[in-house]
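S.K.: Got a predicted structure here, sequence first:
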Amino acid sequence: MLLVLNPIAFQLGGLEVHWYGIIIASAVLLAVYLAMKEAPKRGIKEDHILNLILWALPFALIGARLYYVAFEWPYYAAHPGEIIAIWHGGIAIYGALIASVIVFAIYCRIEWLPAWLVLDIAAPTVMLAQAIGRWGNFMNQEAHGAITSLAYLRGLHLPEFIIQQMNIGGAYRQPTFLYESMWNLVGFALIMTVRHHQHWFKQGEIVLSYVMWYSFGRFFVEGMRTDSLYVVPGLRVSQILSIILFIAAGALIWYRRRRGDVAWYLDGNPLKAVE
């Protein structure tokens, strides 16, 4: 018997509370908690992390929406009232990440904080939040791949509830949400395992490693999805951006290593938290 999970967790009066929102909120709270635990160890006050998140979240949502609208402009030009109708769907993670980095950079400049170090603190927690957040897509039966067979899904040894949730519109689909979630989870585990090793990461290299890891995996996952944004037919926006970000992040690591004057990630003084 086909059992599809209800995307609505519960109702409060006439308000429907969706699992997507609960999962995303939980992912953000966990990311904030982990970042606030790490910040004092690197000499950054916890308050700065909280302030950054409070500023970054609304702009991340705006950035995610604007990114999506920009690449679907013919539709939104004809339906301008839909531009702000985010409840109808249509956000993009790359837009959220780009907006968040801009907010982080501006805040760090205003508060005289070491931007690379702050981004290093946040990066692995963002990766974990992304891994968790993809399960919101799972509950909504979105961000999936092309039609596949039941035999293929069973061959992946997936739990039955995942297999059945991948039956969308009468056909089984590639669980691309799961591929990306697991990729991000592995990346998070690797970075968390080695980031406190002496002389492993210089400041800025954790966030740049995150960019390389995420963009590499996203390139391949995006190629399997059926809801991609396109520049032109056959040319996916996220794949192009993934290539650009992967090369740029790798080049920055190489360039900053050659400079020789970049501090190590562990050089932050936990006893002298930056005000």
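M.R.: Cool, got the structure.

S.K.: only C-alpha atoms for contact and neighbour calcs from this point on.
M.R.: OK.

S.K.: Quick check: pLDDT value at Gly223.
M.R.: The model reports Gly223 with a pLDDT of 92.

S.K.: Find the nearest non-adjacent residue to it, please.
M.R.: Gln239 (7.5 Å; CA to CA, 6 or more residues apart in numbering).

S.K.: give the contact list for that neighbour.
M.R.: Gln239 makes contact with 218-220, 222-223, according to CA atoms under 8 Å, 6 or more residues apart in numbering.

S.K.: List buried members of the residues you listed by neighbour count.
M.R.: Taking 16 or more other CA atoms under 10 Å as the criterion, what is buried in the contacts of Gln239 is 218-219, 222-223.

S.K.: tell me the contacts of the residue nearest the centre of the chain?
M.R.: Against the mean C-alpha coordinate of the chain, by CA atoms, centre = their mean, the closest residue is Gln130 at 3.9 Å. Residues near Gln130 by CA under 8 Å, 6+ apart: 27, 181, 184.

S.K.: related to what we said a few turns ago, generate CSV for the contacts of Gln239, with secondary structure and distance to Arg109 as supplementary columns.
M.R.: CSV is the format used below for these (DSSP: H, G, I helix; E, B strand; the rest coil; distance: CA to CA, whole Å):
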residue, secondary structure, distance to Arg109
Arg218, helix, 30
Phe219, helix, 32
Phe220, helix, 35
Glu222, helix, 34
Gly223, coil, 37
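
S.K.: ok, of those, which one's closest to Ala122?
M.R.: Comparing those against Ala122 with CA to CA places Arg218 closest, at 19.4 Å.

S.K.: okay, the closest one: pLDDT?
M.R.: Note for Arg218: predicted pLDDT of 96.

S.K.: Number the chain from 824, please
M.R.: Sounds good: first residue 824 from here, last item Arg1041.

S.K.: Which helix or which strand is home to the closest residue to Pro937 other than its chain neighbours?
M.R.: Closest residue to Pro937 apart from its sequence neighbours, by CA to CA, 6+ apart: Cys931 at 6.5 Å. Assigned by DSSP states H and E, Cys931 falls within helix 916-934.

S.K.: about what we covered before: pick out the most distant pair among the buried ones among the contacts of Gln1062.
M.R.: Taking CA to CA as the measure, those reach their widest spread between Arg1041 and Gly1046, a distance of 8.4 Å.

S.K.: what about the strands in the chain?
M.R.: Along the chain, the stretches classed as strands by DSSP state E are 831-835, 838-841, 990-991, 994-995, 1053-1055, 1058-1059.

S.K.: Which of those strands sits closest to His980?
M.R.: Nearest to His980 among these is strand 994-995 (14.9 Å), distances taken as CA to CA.

S.K.: Contacts made by the closest one with the rest, please.
M.R.: Contacts to strand 994-995, defined as CA under 8 Å, 6+ apart, come from residues 970-973, 986, 989.

S.K.: As a check, name the ranges of all helices in the protein.
M.R.: With DSSP state H, the ranges of helices along the chain come out as 842-861, 869-893, 896-901, 916-934, 938-963, 973-978, 983-988, 999-1017, 1028-1045, 1060-1082.

S.K.: can you redo those as JSON lines with distance to Asp1090?
M.R.: JSON lines is the format used below for these (distance: least, CA to CA, whole Å):
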{"stretch": "helix 842-861", "distance to Asp1090": "13"}
{"stretch": "helix 869-893", "distance to Asp1090": "18"}
{"stretch": "helix 896-901", "distance to Asp1090": "46"}
{"stretch": "helix 916-934", "distance to Asp1090": "18"}
{"stretch": "helix 938-963", "distance to Asp1090": "10"}
{"stretch": "helix 973-978", "distance to Asp1090": "47"}
{"stretch": "helix 983-988", "distance to Asp1090": "44"}
{"stretch": "helix 999-1017", "distance to Asp1090": "15"}
{"stretch": "helix 1028-1045", "distance to Asp1090": "13"}
{"stretch": "helix 1060-1082", "distance to Asp1090": "16"}
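
S.K.: could you check the distance from Leu951 over to Ala1071?
M.R.: 22 Å (CA to CA, to the nearest Å).

S.K.: Which one of those two is surrounded by more residues?
M.R.: Shown here are Leu951 and Ala1071; by other CA atoms under 10 Å, Leu951 has more neighbours (23 against 15).

S.K.: any idea how far the residue nearest to Pro937 is from Pro863?
M.R.: Relative to Pro863, and taking CA to CA, Cys931 is found at 16 Å.
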